[in-house]
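okay, sequence plus prediction incoming.
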Amino acid sequence: MTTDFKETAPGADPVAIAERDQDHDAGPILKLQGVGKRFPGVVALRNVTFEIERGEGHVLLGENGAGKSTLINLLGGLFPPDEGSIWFNGAPYHPASPFEAFSKGIRVVHQELNLLSNLTVAENLLFEQLPSRRGLVNFREMNRRATELLAEVGLDISPSTVVSRLGVAQMQLVEIAKALAHESKLLVLDEPTATLTSKEVDRLFEILHRLRERKVTILYISHRLQEIYEVGDRVTVLRDGQHVTTRPLQGLVIPDIVRLMVGRTVEDQGVFREDIQPSDEALAVDNLRLTETSPPISFSVRKGEIVGIAGLVGSGRTEAVRAIFGADPKVAGTIRVGGHAVTIASPKDAVAAGICLMTEDRKQQGLLLDMSCAENITITDLKRLSRWGLLDRAAENAASERLVASLRVKTPTIFHKVGTFSGGNQQKVVIAKWLYRGSNALICDEPTRGIDVGAKAEIYELMGRLAADGKGILVVSSDLPELMSICHRILVFSNGRIAGEVPRAEFDQNRILSLAYEEYGRARGN
Amino acid sequence: MQIAINTVLAAGMTFVILTGGIDLSVGSVLALCTVVGATIMVREDLSPWTSIPLALLACMATGAACGAINGWVCEKWKLPSFIVTLGMLNVASGLARVVSDNSTITGLPQPFVDFGNQIYFGVLPSIFLIAIVVVLIGWFILRFTVFGRFIFAIGTNEEAVRLSGHNPRIFKIAVFTISGLTAGVAAMVFLLRLNVGSPIAGIGYELNAIAAVIIGGTSLSGGKGSIIGTLVGACILQVLATGLQLLGAEDNVKPIVIGTVIVLAVVLDTYRNRLLRNLEAR
């Protein structure tokens, strides 16, 4: 392998380097040769070798923990590889810092958003090079350029908005706009569409298309396999830190890709449980209003039923479920659980009534990352494990062991910290903690965001099992095919109200999408 | 002997810091408690056997009340504990002057003074015994109770605890109350040792308590630490102070050394954690 490389390596010969530096239009833009990276306890990357052609759209795939993020971080200059070498634009590439990576022309949009939340959108967009005169910021110029960038990504907000006031999807778009602020040779996008709705995704693809016309190379990472065909010419698959293949996307169908990623076949979507007959009402919401002026929301979920909530990000989906759970205030509305009206002023009331909310942000709102798996599971009901305020650890461990086994959470022991778990396993711990509490109405906000294909299938299967147990399940998701595969009905939110309800027999992507856009068209007077 | 007072204060401080808060008021709350306790004990119309338990109760109640106010104000108006307890530092100090009429209170009953001089098992002064009991109670609460679990959970991620169906505010008010309570106990230790109630007692004690907690490995951002660590931290501070004394170091040099050691201890702790993680990895 290594000798092979020496014969074909760009720049192995000093003359070739000189030539290449003059002629930037030839040869691969990025070349990895035998790259390896170890972290305490894991080998994140092992002997990874592949090339990215100049100007191509290259898709990087792999399950969670396959090493994609590590690879991106190597490119972004967060840490150096332990083994092997990276060549960028024909020259050896060892960035000492993210800034060096940036100045060499590699721009990375990370999955975790890295915005300065107390500064304005404009300041964030142009932070690397604020327009200034004699050390003073030229605000007019800054806002002008920011407005242009925002228009480019189709984000209709003022550049002087403070970032912390934006929603997650808007922040994601700001991150992408920021990447456009400076010309880059290689743009790396890590799960850019995880929080975006289809309209915004289409917009992103348009932008990527334009960038490619300007000869910008794109390295694209996504768990949504349907969309990669829009972006990529070729695909590289990683599995367990090793390179599996790099090949053209053309002619490669999704089941093949999944097989390459997981090394086995899985159901890529959930299976609808035909056998479950929904019975009595599990959760009902009547005329819920979040503010004095917002439209009333009413719907119900029956036992054994999985009801989806679709809609654009910002359509009020998350806000509605948070208000039901008592996490955010509401001004009016009654909530019934199992047919009985309950008063919910705080999450405590909701949990006592048997409602649970799996929040869209697992790490910030769902889990105690620095605490053990067992401690995370039992936090929802410690009373059951205690007498006179003393914890019964044996009972705690037994309950946790049982749930970890039943949900197939992959962890060496229940005492490991959940912060070290992969996304899919963290989500299973979130589910486990609510199963432990014995909630009957489960609200799941984006339950499969950022989770790999294998774990997704397991989560769908689990939801089916819970519905079969007679629980009422409400699923908020931006992934429409996901909702269409597992739900009995889909409620479509649009601009704060329920624009329509589609029963399973009438599921149709176009119909649901047009409902999702309905209220926005009306608002603009179309 | 300073170690006994510092250990008691630091034990309460550990609870607050574990939830991600801080209590700057313990020094002046201690001063307030000493004058309250002393005022009761010097009353001629009460027999020592009435006045001593009464003073003990009053000290603990005063401290707990100050702490509860700290916690309640923080939670009611969602203020940082740094600000609120800084306010309480001044308020309690002023109250101490008012209660004592700006003078030290002497003439504590003889049985009380005798208990303060008592040495058990030939080596263990009574005030040490009190400190050890306080540490043991704190250790037990943090390690074995539901309340202790919530303290760690809130320090780790308060929002996650709220969204798990609990009310973190109650627990946060409780930890400040505990910190105030230990300031009351520390005031009794102060009275046992120095036999005077003074409105200017306890100046800077809060910083020593915080230093002991931090040297003991408790994270200022909450969620990580232990009360045994705090005890070790208090011991390290005392050993340093006494050691420098025995070496004949100048008084002016001592704070320089102690300050340096505080920072070094935290550096070492960080380094040790990294080292442990690397060892685990192998």
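Looks like it arrived, so ask away. Note that this is a predicted model, so its numbers are computed, not measured. Numbers count the residues shown, from 1 in each chain, chains lettered A, B, ... in the order given.

going by C-alpha atoms from here, please, whenever you check contacts or count neighbours.
Fine.

what's the neighbour count on whichever residue of the stretch 201-350 of chain A sits closest to chain B?
Nearest residue of the stretch 201-350 of chain A to chain B (C-alpha to the nearest C-alpha) works out as residue A:348 at 3.8 Å. Using other C-alpha atoms under 10 Å in any protein chain shown, residue A:348 has 22 other residues around it.

distance check, it against residue B:161.
10 Å (C-alpha to C-alpha, to the nearest Å).

go on, residue B:11?
Residue B:11 is 24 Å from residue B:161, by C-alpha to C-alpha.

do the same with residue B:86
27 Å.

then residue B:103?
In terms of C-alpha to C-alpha, residue B:103 sits 47 Å off from residue B:161.

residue B:218 now?
20 Å.

residue B:263 now?
32 Å.

what about residue B:199, which helix or strand?
Using DSSP states H and E, residue B:199 falls within no helix or strand.

show me what contacts it?
Residues in contact with residue B:199 (C-alpha atoms under 8 Å, 6 or more residues apart in numbering or on different chains) are B:31-32, B:34-35, B:93, B:96-97, B:100, B:102-104.

over to residue B:253?
Here residue B:253 is in contact with no residue (C-alpha under 8 Å, 6+ apart).

so for it, what's the pLDDT?
pLDDT for residue B:253: 88.

run a quick neighbour tally on residue A:135.
8.

dump the residue contacts of it.
Contacts of residue A:135 (C-alpha under 8 Å, 6+ apart): none.

helices along the stretch 351-500 of chain A, start to end?
A:373-378, A:393-406, A:423-437, A:453-468, A:480-486 (DSSP state H, counting those that start in this stretch).

between residue B:263 and residue B:161, which one's more packed in?
residue B:161 (25 against 14).

confidence score at that one?
Model confidence at residue B:161 (pLDDT) stands at 95.

now do the SS call for it.
Following DSSP: H, G, I helix; E, B strand; the rest coil, we place residue B:161 in the helix state.

tell me the contacts of whatever residue of the stretch 51-200 of chain B ends up closest to chain A?
Per C-alpha to the nearest C-alpha, residue B:165 is where the stretch 51-200 of chain B lies closest to chain A, at 3.8 Å. Residue B:165 makes contact with A:346-352, A:380, according to C-alpha under 8 Å, 6+ apart.

so which residues on the stretch 51-200 of chain B come close to chain A?
Neighbours of chain A within the stretch 51-200 of chain B, by C-alpha under 8 Å from any C-alpha of the partner chain: B:144-147, B:153, B:156-157, B:159-167.

how about low-confidence regions in chain B?
B:1, B:277-282 (pLDDT under 70).

show me where it has strands.
Secondary structure of chain B by DSSP state E: the strands cover B:119-120, B:124-125.

so what strands line up beside the first one?
Okay, so that is strand B:119-120. strand B:124-125 (antiparallel) (DSSP bridges).

other residues contacting the strand it pairs with?
By C-alpha under 8 Å, 6+ apart, strand B:124-125 touches B:116-119.

and the residues you listed, which is closest to residue A:446?
residue B:116 (62.6 Å; C-alpha to C-alpha).

which non-adjacent residue is nearest the closest one?
residue B:192 (4.5 Å; C-alpha to C-alpha, 6 or more residues apart in numbering or on different chains).

need the contact list for that neighbour.
Contacts of residue B:192 (C-alpha under 8 Å, 6+ apart): B:112-113, B:115-117, B:127.

are any of those buried, and if so which?
Applying 16 or more other C-alpha atoms under 10 Å in any protein chain shown to these, the neighbour count classes B:112-113, B:116, B:127 as buried.

and the host helix or strand of residue A:150, what does it pack onto?
For residue A:150, the host element (DSSP H and E) is helix A:139-153. On a contact count with 3 or more C-alpha pairs under 8 Å, 6 or more residues apart in numbering or on different chains; DSSP states H and E, helix A:139-153 meets helix A:121-125, helix A:168-180, helix A:198-213.

end to end on stretch A:468-486, go ahead and measure it.
13 Å.

any idea of the mean pLDDT for stretch A:230-248?
pLDDT averaged over stretch A:230-248 gives 88.

doesn't residue A:59 belong to a strand?
Yes. Assessed by three-state DSSP, residue A:59 belongs to a strand.

okay, and the beta partners of it?
residue A:220, residue A:235.

would you agree it is in contact with residue A:221?
Yes. Using C-alpha atoms under 8 Å, residue A:59 is in contact with residue A:221, at 5.8 Å.
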